[in-house]
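1. Following is a predicted model, sequence given first.
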Amino acid sequence: MSENKKYSIAVRIWVEEAEGSFLGIGRVWLLENIGKTGSITNAAKEMKMAYRQAWQLVEEMNKRAESPLVQKLLGGKGGGGARLTEAGEKAIQTFYEIEKRIKDFAQKETQNLKF
C-alpha cells in the first residue's frame, strides 16, 4: 500500500471573449505596473518586457474592452505617460476577486482528492 499523498490543484485564470484571451495575470501585472509607474515604458522595464510588446498589449486591451483601461497622456513639459482609467482599476479588482473565489474553491476540493 502506498503512503498517504497530498495533492493540490493549481489554477490559472484567463478572461476570454470572441477574439480569444483578453485578460490574464500577466496583463493584470502590466496594468498594475502602469498604475504604479505612470508609464507604459517604465511598466515594461519593471517586467523585463519590450516596450513594443507592452504597448501592443495595452492597445489590444483598450480596443477590446467596453471602455479603455489605460489612458495615454500626451508629452509636454513633464513628458507623457499613462494612467489607469476607472475601468482599468475595476478590471484588476474584478480579476483578483474572481481568481480568489476560484482558488478558494480549488483549495476546498483538494481535500477530496484521492487517487
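-> Thanks, I have it.
2. Could you use CA atoms for every contact and neighbour count after this?
-> Fine.
3. wait, what's in contact with Trp14?
-> Neighbour list for Trp14: Ser21, Phe22, Leu23, Gly24, Ile25 [criterion: CA atoms under 8 Å, 6 or more residues apart in numbering].
4. Distance check, the closest residue to the fourth one other than its chain neighbours against Leu23.
-> In other words, Gly24. Ranked by CA to CA, 6 or more residues apart in numbering and with sequence neighbours excluded, the top spatial neighbour of Gly24 is Trp14, at 4.5 Å. Shown here: Trp14 relative to Leu23, a distance of 6 Å by CA to CA, to the nearest Å.
5. what about the strand or helix carrying Ile102, average pLDDT?
-> Assigning secondary structure by DSSP states H and E places Ile102 in helix 86-110. Model confidence over helix 86-110 averages 94 on the pLDDT scale.
6. what packs against it?
-> The criterion is 3 or more CA pairs under 8 Å, 6 or more residues apart in numbering; DSSP states H and E, and the helices and strands that helix 86-110 contacts are helix 25-37.
7. and the angle for the helix it packs on with helix 86-110?
-> 140 degrees (axes from the mean of the first three to the mean of the last three CA atoms, to 10 degrees).
8. List the buried residues in the next helix-or-strand element following helix 25-37.
-> Downstream of helix 25-37, the next assigned helix or strand under DSSP H and E is helix 40-46. Under the neighbour-count criterion of 16 or more other CA atoms under 10 Å, helix 40-46 has Ile40, Thr41, Asn42, Ala43, Ala44 buried.
9. and what of stretch 8-15?
-> Of the residues in stretch 8-15, none is buried under the neighbour-count criterion (16+ other CA under 10 Å).
10. check contacts around the residue nearest the centre of the chain.
-> The residue at the geometric middle of the chain, judged as the C-alpha nearest the mean C-alpha position with CA atoms, centre = their mean, is Val28 (1.7 Å). Residues near Val28 by CA under 8 Å, 6+ apart: Ile92, Phe95.
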